[in-house]
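>>> turn this into a model:
(2 chains)
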Protein chains: 2
Amino acid sequence: MPGPAVAPPPLRRRGERMRQAVLGAVVELLSGEGLTGTTVAAVARAAGVHETSVYRRWKTRENLILDALTTELDSALPIPDTGRVREDLVVFFSSLARLLGTAQGQALLRLSVERDGTLDDRRLPYWSCRLERAGVLVRRGADRGELAADADPGLVVEAVSGPLFVRVLLSAAPLDETLVTGLVDLALDGARPRTR
Amino acid sequence: MPGPAVAPPPLRRRGERMRQAVLGAVVELLSGEGLTGTTVAAVARAAGVHETSVYRRWKTRENLILDALTTELDSALPIPDTGRVREDLVVFFSSLARLLGTAQGQALLRLSVERDGTLDDRRLPYWSCRLERAGVLVRRGADRGELAADADPGLVVEAVSGPLFVRVLLSAAPLDETLVTGLVDLALDGARPRTR
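As a prediction, this is how the structure comes out:
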């Protein structure tokens, strides 16, 4: 008979279990209560841990929320590969629009534009790393001859993502599918008439 | 001999002079000290008025700063009319990029994305009214046959202005002339190859 399975060190396991419970509570509170309702006290209560334990581990409420959001949204915005640049871009930026339509996505973006020296620097890299990956879609389109050889991937990505971010941050206008396809088609075809 | 000129009511005149002095001090402090350095105390000191007078008139620091900025920047972003859509758009959005490069423009944009119930609603209209006017440039281009008849003015304006706003708010990337011409050309010509 095999011996009993070796349990992981109880302290570390408790730490990781505590982390999961706390981060899960943050995500749930953000969805229900929004950013301002997500206080350390409310999170601690929901996760069944002491407030002091939360502060000991995450130092500030903002770092806690950032840890929760970047963990939760780590796999958001995957890079498609349909073989057609328009479809790739529509799929990718529709995911971005959907993410920015969620309480979590909005909270992450809003925290990302806060000027707060106490926040660590995971905020900008979250967005820039995903937008850089989207540039690959443009590069592939140029390689396939669908786009001009000198098409600027970063510019295309900014021209489509910029309005989505601005609608969340500034104008509060809706992020619908028509907007994404309109922006992608504008970036690909331009507003000048094309001879077809 | 004519009699002495009739002076305006001293109280009102003092009020308007006081307003000009205070708003001028705000704009100057913003340029030198930035948003966080522009406290009501510092403004009152610079303008030679009592802090209580400032609070009586503007209620909050944010309303004071907004009043100063929207007054100072009221005539910013005029609408050009060169007869060519590309040049009109480059001129207009270069002004926007320059405005967003100043301490005042950045402060106004940053205040505009704050979620603060105490602020009055002059913030979004400041931007939306100017961006709507920029849509006129696109419409004129379509009327002249430079752009497709169904070109969407709002979409073109968002695709060029969005990245400028995002660079100020999120990525802190520079706003140079190359960026503006690149975004305008992308919105006009698109990234697909054109037969010329």
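>>> can you get me a residue count around the residue of chain A found nearest chain B?
When scored by C-beta to the nearest C-beta, chain A has A:G162 as its residue closest to chain B, at 2.7 Å. In short, each C-beta sits where N, CA and C put it, glycine included. Residues lying near A:G162 (other C-beta atoms under 10 Å in any protein chain shown) number 23.
>>> next secondary structure element downstream of the longest helix along chain A?
Longest helix of chain A, by residue count under DSSP state H: helix A:10-37. Using DSSP states H and E, the next helix or strand after helix A:10-37 towards the C-terminus is helix A:40-47.
>>> residues in contact with A:L99?
By C-beta atoms under 8 Å, 6 or more residues apart in numbering or on different chains, the contact list for A:L99 reads A:73, A:76-77, A:105.
>>> helix or strand for the residue of chain A closest to chain B, which one?
Going by DSSP H and E, A:G162 is part of helix A:153-166.
>>> okay, now the domains of chain A?
Listed by automatic domain parsing, the domain ranges of chain A are A:10-72, A:85-189.
>>> I'd like the mean pLDDT over the first one, please.
The pLDDT scores in domain A:10-72 average 88.
>>> out of the domains of chain A, which is the most enclosed?
Ranked by mean neighbour count, those are led by domain A:85-189 with a mean of 18 (mean count of other C-beta atoms under 10 Å in any protein chain shown).
>>> end to end, how far does that domain reach?
12 Å (C-alpha to C-alpha, to the nearest Å).
>>> and it, how far out from the chain middle?
Centre-to-centre, domain A:85-189 and its host chain are 10 Å apart (C-alpha atoms, centre = their mean, to the nearest Å).
>>> please enumerate the helices of chain A.
In chain A, the segments counted as helices under DSSP H are A:10-37, A:40-47, A:51-58, A:61-72, A:85-101, A:103-112, A:123-143, A:153-166, A:177-189.
>>> can I get those helices in TSV with distance to B:N63?
Supplementary listing: the helices of chain A in TSV, determined by distance: least, C-beta to C-beta, whole Å:
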stretch	distance to B:N63
helix A:10-37	21
helix A:40-47	31
helix A:51-58	34
helix A:61-72	26
helix A:85-101	29
helix A:103-112	22
helix A:123-143	29
helix A:153-166	24
helix A:177-189	33
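>>> tell me which of those sits nearest to B:D67.
Nearest of the helices of chain A to B:D67, taken as C-beta to C-beta: helix A:153-166 at 24.0 Å.
>>> follow-up on the earlier one: just the CA coordinates of the helix holding A:G162, formatted as CSV?
Output of helix A:153-166 as CSV, limited to C-alpha atoms (Å, rounded to 0.1, in the frame of the first residue of the first chain):
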residue,chain,number,x,y,z
PRO,A,153,1.0,48.0,-37.0
GLY,A,154,1.2,50.3,-33.9
LEU,A,155,-0.7,53.0,-35.7
VAL,A,156,-3.5,50.7,-36.8
VAL,A,157,-3.8,49.3,-33.3
GLU,A,158,-4.0,52.7,-31.8
ALA,A,159,-6.5,54.0,-34.3
VAL,A,160,-8.9,51.2,-33.4
SER,A,161,-8.3,50.8,-29.7
GLY,A,162,-8.0,54.5,-28.9
PRO,A,163,-11.7,55.3,-29.5
LEU,A,164,-12.7,52.2,-27.4
PHE,A,165,-10.6,53.4,-24.4
VAL,A,166,-11.9,57.0,-24.8
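>>> run through who's touching it.
Against helix A:153-166 from outside (C-beta under 8 Å, 6+ apart): A:89, A:93, A:96-97, A:100, A:109, A:131-132, A:134-139, A:142, A:175, A:179-180, A:183-184, A:186-187, B:155, B:158-166, B:169-170, B:182-183, B:186-187, B:191.
>>> got the angle for it vs helix A:177-189?
Relative orientation of helix A:153-166 versus helix A:177-189 (axes from the mean of the first three to the mean of the last three C-alpha atoms, to 10 degrees): 160 degrees.
>>> coming back round to it: how distant is the longest helix of chain A from the center of its chain?
With C-alpha atoms, centre = their mean, you get 18 Å for helix A:10-37.
>>> tell me the helices and strands packed up against that helix.
helix A:40-47, helix A:51-58, helix A:61-72, helix A:103-112 (3 or more C-beta pairs under 8 Å, 6 or more residues apart in numbering or on different chains; DSSP states H and E).
>>> quick check: angle from the third one to helix A:123-143?
Okay, so that is helix A:61-72. Going by the same axes, to 10 degrees, helix A:61-72 makes 30 degrees with helix A:123-143.
>>> what of the first one?
Angle of helix A:40-47 versus helix A:123-143, following the same axes, to 10 degrees, is 80 degrees.
>>> now the angle between helix A:10-37 and helix A:40-47, please.
Going by the same axes, to 10 degrees, helix A:40-47 makes 130 degrees with helix A:10-37.
>>> helix A:40-47 to helix A:51-58, inter-axis angle?
Using the same axes, to 10 degrees, helix A:40-47 lies at 100 degrees relative to helix A:51-58.
>>> if we can go back for a sec, any idea which of the helices of chain A gets closest to B:E28?
The nearest among those, by C-beta to C-beta, is helix A:153-166 at 29.3 Å.
>>> same list (the domains of chain A) but as TSV, adding distance to B:A46.
Shown next, in TSV, are the domains of chain A (distance: least, C-beta to C-beta, whole Å):
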stretch	distance to B:A46
domain A:10-72	33
domain A:85-189	23
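>>> how many neighbours does the residue lying closest to A:V91 once chain neighbours are set aside have?
Leaving aside its sequence neighbours, A:V91 sits nearest to A:P80 (C-beta to C-beta, 6 or more residues apart in numbering or on different chains; 4.2 Å). A:P80 has 16 neighbouring residues, counting by other C-beta under 10 Å.
>>> now do the contacts for A:P80.
Residues counted as contacts of A:P80 (C-beta under 8 Å, 6+ apart) are A:87-88, A:91-92, A:137.
>>> what does it show for phi and psi?
Note on A:P80: backbone dihedrals following degrees, to the nearest 10 are phi -80, psi 170.
>>> per-residue confidence at it?
pLDDT, read off for A:P80, is 96.
>>> again with A:A7
We note a pLDDT of 46 for A:A7 in this prediction.
>>> and A:D116, by the same measure?
At A:D116, the predicted lDDT confidence score is 63.
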